Structure formats: C-alpha cells, structure tokens
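**Q** From the sequence below, what's the structure:
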Amino acid sequence: MNLKRLFKPETMAVFGVSLNNDYHPANVIYNKNNLRYQVSVFAVNGKGGSINGETMYAKIKDIPETIDLAVIVTKAEIVPLVVAECIEAGVGGAVIVSGGFAETGLMDLQDRVVSMAKEADFPFIGPNCLGIYAPPLLDTFFIPSERIIRPERGKVAMVSQSGAILVDHMLKCAAEGIGLSLAVSIGNKALIRETDMLQYFRDDPETDVVTFYIEGFDDNEGRKFVLDASEFGKPVIVLKSGKTPGGTNAVKSHTASMAGNYEVFSSVMAQYGVVEATDEYELVTFAESLSCYKRTIEGRIGIVTCSGGHGALATDTCFSHGLQVPTLSQEIRAGLRNAVSPAIQNIASFTNPVDLTGSSTDDDFVAAVHFLSRIDDLDCIMMLLLPYQPGITMDLGARLSLVYQQEGKPIIAYVPHVDKYSMLIEGFMLNKVPVAHSVEDAVHMAEAMRRYKAC
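**A** Residues are numbered from 1 along each chain as shown. This is a model prediction of the structure:
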C-alpha cells in the first residue's frame, strides 16, 4: 500500500463534525487543522450545514476537491459505510479514531472494515487511535491546541499503540529539544502495523530514527518485526509492555493485542541489534543519542569532569550498565597533563575519570577532549559539566562540539537542566551533540550506541 497520501496529505476531510458540540473530538480535530496547519480541511456531517462560516458537507462526494486523508470520528457501526464512501470517492487513506471494535470484543466489525480496505488497497490507521501528528502539515489528535505540547520538526519518528503514551513521549521530546518527523498512534493496528511503518520510514529521507511503543503482536509477527528492523538501516528503539501477567491482561483490554513471551522477544531484539528501552525515559534518551550518532560502540567510555563525585557516580553507573571505564596508561596520563594549563597540572586527576577540578577553564576541557578523542581505546567521551564553576563560560558547548566535528569521536554532555544554562546547552544541541540532564541519562545515551548494531 502507498502511504504517502496518508502521512503527507494536501487535503483532509473530518467525518463526524458536530453542529452543536464544539468539544466533540471531530470538532477539535477540524478546528485546529483549519486554523493552525497547512492541510486543507473539510468538515463532513450527514446533515450538512455550516461550521464557523465554513460549509459542512453531507457526503464526501460533495467536496469539490479530491481528498487525500479521511479522519473518521463517528460511531463504530457507521464506520464501514464511511469507509465505503471514501473508497468510492478515491480518498488516499484514513485515520479511524473511533473506538468500539476489537478492543471491546467486536472483532467482526473490525474484520469487515479490514476486508473492505484490503480489497480496495485502501490504507488506514486504527481504529481506536489518535492518528497522525505530522508537523507542519496536520494533527489528527483530538487534544485541544492549547493543551498539547508540540515538539519541533526533526528527524525522529514515533509509533505507538497507545495514544496517551505517544503524547507523553512527545512532551518529553519537546522538553529535551528532540524534533519529530512524524508521530503515529496506531491503536488496534487492524491494517497498518509496525512492519508497514518500518517499510514506510525506510524510504523516508526526513526520518533518521524510529521509536515504537508495542503492546503485542499476532503469532510469529514479533520475529518478522525484529528481522525487518535489523535490516532497516536506521536505528530502531522499542519499548514493550505486557511483560508481566498483569500487564498482559491490561494489553488485551486496551488494544486487543497478544502480548506474547516477553523474555523471548527481548532476547531476539538484543541478538539482532534492535535497541530495547526499559522505560519511557530511556526511549526518549536513546532517541536523542541515536539521532546524533547512528553508530555502534564497544562501550569504552572516557569521562571528563570537574567534580570527583560526579565522576565516581558516572563510573558506577557505567559499570552497572555493562559499559567500561578503562584505566589510562601512564603515557596517556602524561600527555593529558601536558595538554591542560599549568594552573591545574598538579591538582587535576588524569586517571579515568579525568577530574580537571573546579579550577579548570574552557581551554582545559577543550584540550582534554581533543587529546582523549585521539585515543583508540576509548569509543566515546562523556562530559560532566557544572556551569556554576567559575572558569566555564556559555561558549563551552559550541567549542566542544567543534572538537567532535574535527575528531569524529562521539561526545555526550551532562549539563544540569536549568534555564540559566540554556545557551551552553544550545551550543551542543545545535551541533548535534546530545545533552543529558542527569548523569544516568548520559550513561543511557552511551548505552544506546552499545546496544545498536548498524547494518
């Protein structure tokens, strides 16, 4: 199936728009797209009429333009009729927001819609979903504009069976400065499933990393997904629910998914280099890391800090995640000592972690990172920066990013997440160097590269 008109439509029709309830989900979707997004949007209601001075069409065939995307927000029993009308009118695809299908036991109704769509080669997302967020084109989420947090446009795509989980991930992406190419809530995934999304994103030049929140698969589908992901050519990150008996039951009642054997699925993902996130925080952190560095590392970390305590904490966290913090040779230590300023040569520690002390300056950090970036036994440099240190300026992020551009060795920065330090953080992020706001998240960013196996 061709999904381009589904995800990059120029025209959209919203079915189920109410004449007397501005808070109806269909009205929310119609109004915000009409006012805030690039897609040309039309309202459809069997009674016809008008909404906010715009024509309300009784039938899709009455709309004077060819429609790329239909957003269906009607009662479940009406959905087959609407889908039939869309197929007849040559619509490119649909988002079926409506619930009341397999998740409530009405499998026959869902199967009926799927059968019609397959026969007509008509792609649809859902049912029982929020649908598509594709900045700046459209947003089919029935969340009022003033309540949704919108990440900037970027290179990370997110696919989720749960709409609410997806919205949470988007909120975290916005807070971390992670831009999205596309976010899709697939709900019951009656037709378009995770493997279809992989196929679409494989050829999408606007997407570099794809994350999935998955509740379950049909029989043998999980293995196919992992094999497809392993040959995808871009990082794939998966957060799986249904890991426990209670979670499995919750999954069945939410989207009628079969959770399957989690331990087997997790093991297969690790074997084939699909990056598994254990929680939603890891998923977002992994996405930021792999959107900057699409590479695999062995996990040998060089740590540079101005605080012995932060260095010790990072070392413990690295070891707890299976990463290494190699001891530096006497020769390397001597080289580091000569690279930094005389003021700290006799007070800094040049083992790993490298503690430049609170007396260090921007120049010391730049010199140390330049030197360590040329050490073959280190795969990644982890910077633990405390901007309240007197010798650090807001230019340090940009200067260290330049070191990465010159040397090519991944750098991960930890900077406390405070508005006062935003200029320092932006110096990293504008140059595609990931910034963590906790020491543990910095370690997670390195762990993401170790778990990923590039094709």
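
**Q** contacting residues for the most centrally placed residue in the chain?
**A** Residue closest to the average C-alpha location in the chain (CA atoms, centre = their mean): residue 158, at 4.4 Å. Shown in contact with residue 158 (CB atoms under 8 Å, 6 or more residues apart in numbering): 166, 169-170, 173, 180, 182-184, 210-213, 287. Backbone N, C-alpha and C define where each C-beta goes, glycine included.

**Q** For burial, what's the neighbour tally of residue 69?
**A** By other CB atoms under 10 Å, 30 other residues sit near residue 69.

**Q** what residues are up against it?
**A** In this structure, residue 69 makes contact with 5-6, 9, 11-13, 39, 91-95, 132, 138, judged by CB under 8 Å, 6+ apart.

**Q** How about residue 207?
**A** When contacts are counted by CB under 8 Å, 6+ apart, residue 207 touches 155-157, 181-182, 201, 234.

**Q** could the residues you listed be laid out in JSON lines, adding pLDDT and distance to residue 375?
**A** Output for these, formatted as JSON lines (pLDDT from 0 to 100; distance: CB to CB, whole Å):
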{"residue": "155", "pLDDT": "96", "distance to residue 375": "30"}
{"residue": "156", "pLDDT": "98", "distance to residue 375": "31"}
{"residue": "157", "pLDDT": "98", "distance to residue 375": "35"}
{"residue": "181", "pLDDT": "97", "distance to residue 375": "35"}
{"residue": "182", "pLDDT": "98", "distance to residue 375": "39"}
{"residue": "201", "pLDDT": "97", "distance to residue 375": "36"}
{"residue": "234", "pLDDT": "95", "distance to residue 375": "29"}
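
**Q** Quick one: mark the members of those residues that sit in helices.
**A** Among the contacts of residue 207, the members found in helices (DSSP state H) are residue 201.

**Q** Pick out the most distant pair among the contacts of residue 207.
**A** 182 and 234 (13.2 Å; CB to CB).

**Q** Could you pull out the helices in the stretch 1-150 of the chain for me?
**A** Using DSSP state H, counting those that start in this stretch, the helices of the stretch 1-150 of the chain run over residues 4-7, 25-36, 79-88, 107-120.

**Q** backbone phi and psi for residue 330, please?
**A** The phi/psi pair for residue 330 (degrees, to the nearest 10) reads phi -60, psi -40.

**Q** Tell me the one of the contacts of residue 69 nearest residue 115?
**A** Distance to residue 115 across these (CB to CB) is lowest for residue 94, with 14.8 Å.

**Q** Distance check, that closest one against residue 306.
**A** Distance of residue 94 to residue 306, given as CB to CB, to the nearest Å: 55 Å.

**Q** now residue 181
**A** Distance of residue 181 to residue 306, computed by CB to CB: 37 Å.

**Q** Please identify which of the two sits among more neighbours.
**A** For residue 181 versus residue 306, neighbours defined as other CB under 10 Å are more numerous around residue 306 (25 against 21).

**Q** Surely the more buried one and residue 388 touch.
**A** No. Contact between residue 306 and residue 388 fails when scored by CB atoms under 8 Å: they sit 10.1 Å apart.

**Q** What is the neighbour count of residue 280?
**A** Counted with other CB under 10 Å, the neighbours of residue 280 add up to 15.

**Q** how about the strands in the stretch 251-400 of the chain?
**A** Under the criterion DSSP state E, counting those that start in this stretch, the stretch 251-400 of the chain contains strands at 275-277, 301-305, 354-355, 380-384.

**Q** Of those, which is nearest residue 449?
**A** For those, the distance to residue 449 is smallest for strand 380-384, at 6.8 Å, taking CB to CB.

**Q** what's the angle between that closest one and strand 301-305?
**A** Interaxial angle of strand 380-384 relative to strand 301-305 (axes from the mean of the first three to the mean of the last three CA atoms, to 10 degrees): 20 degrees.

**Q** neighbouring strands for strand 380-384, and are they parallel or not?
**A** Sheet pairing for strand 380-384, assigned by DSSP bridges, gives strand 301-305 (parallel), strand 411-414 (parallel).

**Q** Checking my notes, residue 217 in a helix, right?
**A** No. Assignment of residue 217 by DSSP: H, G, I helix; E, B strand; the rest coil gives coil, placing it outside any helix.

**Q** ok, now which ones touch the nearest residue to residue 274 once chain neighbours are set aside?
**A** Sequence neighbours aside, residue 229 is the residue nearest to residue 274 in space, at 4.7 Å (criterion: CB to CB, 6 or more residues apart in numbering). Contacts of residue 229 were listed using CB under 8 Å, 6+ apart, and they are 198, 236, 238, 272, 274.

**Q** Widest-spaced pair of those?
**A** 198 and 272 (13.1 Å).

**Q** coming back round to it: for residue 49, state which of the contacts of residue 207 is nearest.
**A** Nearest to residue 49 out of the contacts of residue 207 is residue 182 (CB to CB; 33.3 Å).

**Q** Dig out what that closest one forms beta bridges with.
**A** Residues in a beta bridge with residue 182, per DSSP bridges, are residue 157.

**Q** can you count the residues close to it?
**A** Neighbour tally, residue 182, other CB under 10 Å: 23.

**Q** how far away is the residue nearest to residue 8 when sequence neighbours are not counted from residue 159?
**A** Closest residue to residue 8 apart from its sequence neighbours, by CB to CB, 6+ apart: residue 137 at 6.4 Å. For residue 137, the distance to residue 159 equals 17 Å [CB to CB].

**Q** Those two - which one has more neighbours?
**A** Between residue 137 and residue 159, counted using other CB under 10 Å, residue 159 has the larger neighbour count: 26 against 18.
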